[in-house]
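Engineer: The following block contains a protein sequence and its predicted model.
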Amino acid sequence: MAHGGPLVGKTIQEAGLRHLKRIFLVEIERSGRILTAVDSEEKLQGGDRLVFAGNTEAISDLLRINGIVASAENDHPQAAAHNVWERRLVEAVVSPHCGVVGERIRDAHFRDRYGAVVMAVARNGERVSGNLGSIRLEAGDTLLLEARPAFVTRQRYNKDFLLINDLDTVAPRHDRAYLAWGILLAIVLGAGFELVSMFNAALIGVAAMIATRCCSVSQAEKSLDLPVLLTIGASFALGAALQKTGVATFLAAQLLDLSGGRPWLLLVMTYALVSLFTEVITNNAAAILTLPIVLEITSKANLNPEPFVFAIMMAASASFATPLGYQCNLMVYGPGGYRFTDFLKVGVPMNLFVGGATITVLLLGWPLS
């Protein structure tokens, strides 16, 4: 905002910035500070940087207001970096008992009532488009809010919202990027040259990242996907149980009978079995379950176990057809907005291609007996 302009000294309400039709005031950046959920009686000062959200086509209308000038990119103060603690991004689900259900955001005086600014509204998993101020809120709507830290504590047990999720808005530490790269390179070289085990190298790397403040403890905790870790851990116990209870021996005998004593067919069946397992119980579980079975088979049939172990390794790694087969598939499934059928359409052809190539190389490169 221009220094000495006609809006200096006026309140938000008096300046006509509270009830704009297609755009609304989100925050004010002033002298290195950020004012969020700005009150209508807040007085404007020269040099204030006003941040708006809404329909971008309304920018031309906004610039017609005398006293408001477009902010050059290099004039942007670094307030966000120094005052992150003053604002939070929060997800909140609207309760059926919320007092603003059925009202437009603008008419509900959401900012004054809750001390938070609505940045976006999602309904049935999709973003509600249009002017935010004109959206009628419904029970079950997910709101992206910008609010002060006290909002989460104040509203967590309020009946107006079913769920409050304080999002992590800490900016990346770009100044420590080279240090992080150095730590990564060190642990990879250490494990690669067998100076330290891969597990210990990973632990050392994590400790170094936290100690050098490349990331915080809270960020490290949030990066852990507990369901994936539990699934992988449980698969190890399941593999050991199959071997100790004799199930592995039984399955090995069945596969030998089905193959008719033909080693090449047994190799194909081994790959197919592991590929099927890895799509439904994760790759680690598939490898752990099938390895004792395959070793039992090769021992009984006096076959070379090496190509069969390679088949297990490749089949367990080539997991493309379902989101369950590999932890990376699970990680991108939700945030990417994918459907189960998306993995089938792309993954099944990839599985067949990798399987055919693997079996061909194994049959040509290794003796089976």
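Structural biologist: Looks like it came in fine.

Engineer: where does residue 261 fall, helix, sheet strand or coil?
Structural biologist: Using DSSP: H, G, I helix; E, B strand; the rest coil, the structure places residue 261 in coil.

Engineer: Need the nearest residue in space to it, chain neighbours excluded.
Structural biologist: Among residues not flanking residue 261 along the chain, residue 301 sits closest, at 7.3 Å (CB to CB, 6 or more residues apart in numbering). Just so you know, the C-beta spots here come from the backbone N, C-alpha and C atoms, and that holds for glycine as well.

Engineer: ranges for the strands of the stretch 101-250 of the chain?
Structural biologist: With DSSP state E, counting those that start in this stretch, the ranges of strands along the stretch 101-250 of the chain come out as 116-123, 126-127, 142-147, 161-166.

Engineer: So which elements touch the third one?
Structural biologist: Under the contact criterion of 3 or more CB pairs under 8 Å, 6 or more residues apart in numbering; DSSP states H and E, strand 142-147 touches strand 88-94, strand 116-123.

Engineer: most packed of the strands of the stretch 101-250 of the chain?
Structural biologist: strand 142-147 (a mean of 21; mean count of other CB atoms under 10 Å).

Engineer: The host helix or strand of residue 297: how far from the chain's middle?
Structural biologist: For residue 297, the host element (DSSP states H and E) is helix 283-301. Computed by CA atoms, centre = their mean, to the nearest Å, the separation of helix 283-301 from the middle of its chain amounts to 34 Å.

Engineer: What average pLDDT does that helix get?
Structural biologist: Throughout helix 283-301, pLDDT has a mean value of 80.

Engineer: still on that earlier bit, could I get the strands of the stretch 101-250 of the chain as a markdown table with mean pLDDT and distance to residue 91?
Structural biologist: Formatted as a markdown table, those follow (pLDDT from 0 to 100; distance: least, CB to CB, whole Å):
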| stretch | mean pLDDT | distance to residue 91 |
| --- | --- | --- |
| strand 116-123 | 83 | 9 |
| strand 126-127 | 76 | 13 |
| strand 142-147 | 82 | 6 |
| strand 161-166 | 71 | 4 |
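
Engineer: What separation do you get for the residue nearest to residue 369 when sequence neighbours are not counted and residue 285?
Structural biologist: Distances taken as CB to CB, 6+ apart put residue 303 closest to residue 369, at 5.3 Å, once the chain neighbours are dropped. Distance, residue 303 to residue 285, by CB to CB, to the nearest Å: 24 Å.

Engineer: can you check residue 278 too?
Structural biologist: 8 Å.

Engineer: Which one of those two is surrounded by more residues?
Structural biologist: Neighbours were counted for residue 278 and for residue 285 using other CB atoms under 10 Å; residue 278 has more, 29 against 23.

Engineer: And the pLDDT for that one?
Structural biologist: 83.

Engineer: Residue 338 too?
Structural biologist: So, for residue 338, pLDDT stands at 83.

Engineer: Assumed it was part of a strand.
Structural biologist: No - counting by three-state DSSP, residue 338 falls outside a strand, being coil.

Engineer: My read is that it contacts residue 331, right?
Structural biologist: No - look at residue 338 against residue 331 with CB atoms under 8 Å: they stay out of range, at 11.1 Å.

Engineer: For the closest residue to residue 46 other than its chain neighbours, grab the count of nearby residues.
Structural biologist: For residue 46, ignoring the flanking residues on the chain, the nearest one in space by CB to CB, 6+ apart is residue 3 at 3.7 Å. Neighbours of residue 3 under the rule other CB under 10 Å: 10.

Engineer: Also residue 262?
Structural biologist: 11.

Engineer: Next, the contact list for it, please.
Structural biologist: Contacts for residue 262 (CB atoms under 8 Å, 6 or more residues apart in numbering) come out as none.

Engineer: Now do it against residue 17, distance only.
Structural biologist: 80 Å.

Engineer: Repeat that for residue 352.
Structural biologist: Where residue 17 is concerned, residue 352 sits at a distance of 60 Å (CB to CB).

Engineer: Over to residue 159?
Structural biologist: Note on residue 159: its distance to residue 17, by CB to CB, is 32 Å.
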